[in-house]
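> A structural model of the following input is requested.
(one chain, ligands or ions: 2)
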Amino acid sequence: MKQISVKAPFQYSVEEAQRPKPSRGEVLVKMKAAGVCGSDFHLFLGENPMAKFPRIPGHENAGIIEEVGEGVTKFKKGDHVVVDLVVACGSCKQCKNGRRNICRTVKARGAAVDGGWREYFTAAEHEVYLLPEDLPFEEAALIEPFAIGGHCTKRADVQESDVVLILGMGTIGTIILQVCKEKGCKVICADIKENFLKRAENFGADFIVNTKTENLNSRIQKYTNGEGADVIFDAAGYPGSLTMLLEKGIPANGARIVPLGFCTSAESITQSMINGRELSIIGTRMSSGQFVPTIEKFRQKAYRLDGIVSDTILFSEIDQVFKNMQSPPEGMAKMVILFE
Ligand SMILES: [Zn+2]
Ligand SMILES: [Zn+2]
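Ligands and ions are numbered 1, 2, ... in the order given. As a prediction, the model looks like this:
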């Protein structure tokens, strides 16, 4: 079989490899579609501190069960599936509390362990989820990022009555918008890209702010009659973005603020900024317990998927994916790799 190996930043190769055999409790997945995520960019560009080289990227993986290992009861050959990106121990305190995403030894597929940019790979039965037969694989590759949207909105306890602000309307911002709209919230979307704001409007944003040409704070004040936003998602995650989002006027008293990035530069946040308004700053990482409900939402066609994927590229033309990662073409939103 063929696999993609990133050897070092900006270096990759297409290799021939032995098709793996599923061990006890594992399944062999024949890949059909893989989403390309920002974290795959970070891996290739050498910006993911958790990644070790050589590494096979890919954590938004959809495919077909090719073979089942001994003791596997949940699946049979031919089942359509998605694979969780979280690889967890199952026995630490966090795992036992249902928080596998923050397992003490958690590993993200495609970063800390090899991912799905290969024709076949094995995964533990309990990290694999059954798909409806009629769901196109290209769409199924979006289940993992939608699970992230389900997880972070759950972490923030988003309620129908909330006014939500999302900064950064890329794939994850757009997904959070849809999850919040589905709950009935009012959603304000902010970005510097006009095409991303147009898409947000098209997906039901109640109010948009172009932070390149408009003042976010005064726009929020205007939309909320001076109250501020109840829930804020920082899906832009640049140095200083979190501090900016805590400016007087942006969060409502008692607001929940969820940073989604992994920026390592220091922010300028004080205790007074948090406690003066009793704000909650809530961490979120990957997802836990979100695949089953997200697949159910996909089955119900609860989300709009048009306009999320801008480029579908065949696995045999993988060079194009890496080219696009190095210099993203104008208008590119998200790539999905399709396997023949
Ligand atoms: Zn991702
Ligand atoms: Zn664990």
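
> CA atoms of stretch 157-169 as CSV?
Coordinates of each C-alpha in stretch 157-169 appear next as CSV, following Å, rounded to 0.1, in the frame of the first residue of the first chain:
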residue,chain,number,x,y,z
ASP,A,157,-22.6,25.3,28.1
VAL,A,158,-24.0,27.3,25.2
GLN,A,159,-27.7,28.0,25.7
GLU,A,160,-30.4,29.2,23.3
SER,A,161,-30.6,32.6,25.0
ASP,A,162,-26.9,33.3,24.6
VAL,A,163,-25.4,35.9,22.3
VAL,A,164,-22.3,34.2,20.9
LEU,A,165,-19.2,35.9,19.4
ILE,A,166,-16.9,33.9,17.2
LEU,A,167,-13.6,35.4,16.2
GLY,A,168,-12.1,33.6,13.1
MET,A,169,-14.5,32.2,10.5
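
> what pLDDT, on average, does that stretch get?
Confidence for stretch 157-169, expressed as mean pLDDT, is 98.

> now do it: everything it contacts.
Identification of contacts with stretch 157-169 by CB atoms under 8 Å, 6 or more residues apart in numbering yields 173, 176-177, 179-180, 183-191, 193, 196-197, 199-200, 211, 216, 220, 223-224, 227, 229-237, 241, 245, 250, 252, 256, 260. Heads up, the C-betas are built off the backbone N, CA and C, glycines and all.

> burial count for the nearest residue to residue 110 once chain neighbours are set aside?
Once flanking residues are discounted, residue 110 sits nearest to residue 59: 3.8 Å by CB to CB, 6 or more residues apart in numbering. Residues contacting residue 59 under the criterion other CB atoms under 10 Å number 26.

> how close does the closest residue in space to residue 184 that isn't next to it in sequence get to residue 28?
Using CB to CB, 6+ apart and skipping the chain neighbours, the partner closest in space to residue 184 is residue 160 (4.0 Å). Going from residue 160 to residue 28 by CB to CB, to the nearest Å gives 43 Å.

> on that earlier part again, who's in contact with the residue nearest to residue 110?
37, 39-40, 85, 108-111, 115-116, 144.

> now residue 20
Per CB under 8 Å, 6+ apart, neighbours of residue 20: 28, 120-122.

> now do the SS call for it.
With DSSP: H, G, I helix; E, B strand; the rest coil as the basis, residue 20 sits in coil.

> any idea how far residue 71 is from it?
Distance, residue 20 to residue 71, using CB to CB: 17 Å.

> likewise for residue 255?
48 Å.

> repeat for residue 230
Distance, residue 230 to residue 71, by CB to CB: 47 Å.

> those two: who's more crowded?
Set residue 230 next to residue 71 and count neighbours by other CB under 10 Å: residue 230 wins out with 22 against 10.

> which non-adjacent residue is nearest the more buried one?
residue 162 (4.2 Å).

> next one: the helix or strand in which residue 94 is found to chain centre, how far?
Using DSSP states H and E, residue 94 falls within helix 93-96. Remark: helix 93-96 is offset 22 Å from the chain centroid, using CA atoms, centre = their mean, to the nearest Å.

> buried ones in it?
Neighbour counts using 16 or more other CB atoms under 10 Å place 94-95 of helix 93-96 among the buried residues.

> just checking, what packs against it?
The contact analysis (3 or more CB pairs under 8 Å, 6 or more residues apart in numbering; DSSP states H and E) places helix 93-96 against no helix or strand.

> thinking again about what came up before, need the buried ones from the contacts of stretch 157-169 selected in PyMOL.
Of the contacts of stretch 157-169, the buried ones go into a single PyMOL selection, burial set by 16+ other CB under 10 Å:
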select buried, resi 173+176+177+179+180+185+186+187+188+189+190+191+193+196+197+199+200+211+216+220+223+224+229+230+231+232+233+234+235+236+237+241+245+250+252+256+260
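
> okay, and which of the contacts of stretch 157-169 map to strands?
186-191, 229-234, 252, 256 (DSSP state E).

> could you dump these to TSV with pLDDT?
Putting the ones in strands among the contacts of stretch 157-169 into TSV (pLDDT from 0 to 100) gives the following:
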residue	pLDDT
186	98
187	98
188	98
189	98
190	98
191	98
229	98
230	98
231	98
232	98
233	98
234	98
252	98
256	98
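
> just checking, residue 252 touches residue 225?
No: look at residue 252 against residue 225 with CB atoms under 8 Å: they stay out of range, at 10.8 Å.

> distance of residue 71 from ligand 2?
21 Å (CB to the ion, to the nearest Å).

> need the three-state assignment for that residue.
coil.

> now it: how far from residue 78?
From residue 71 to residue 78 the distance is 19 Å (CB to CB).

> then residue 97?
Residue 97 sits 35 Å away from residue 78, going by CB to CB.

> residue closest to the middle of the chain?
The centre of the chain sits closest to residue 145, judged by CA atoms, centre = their mean, with a distance of 3.4 Å.
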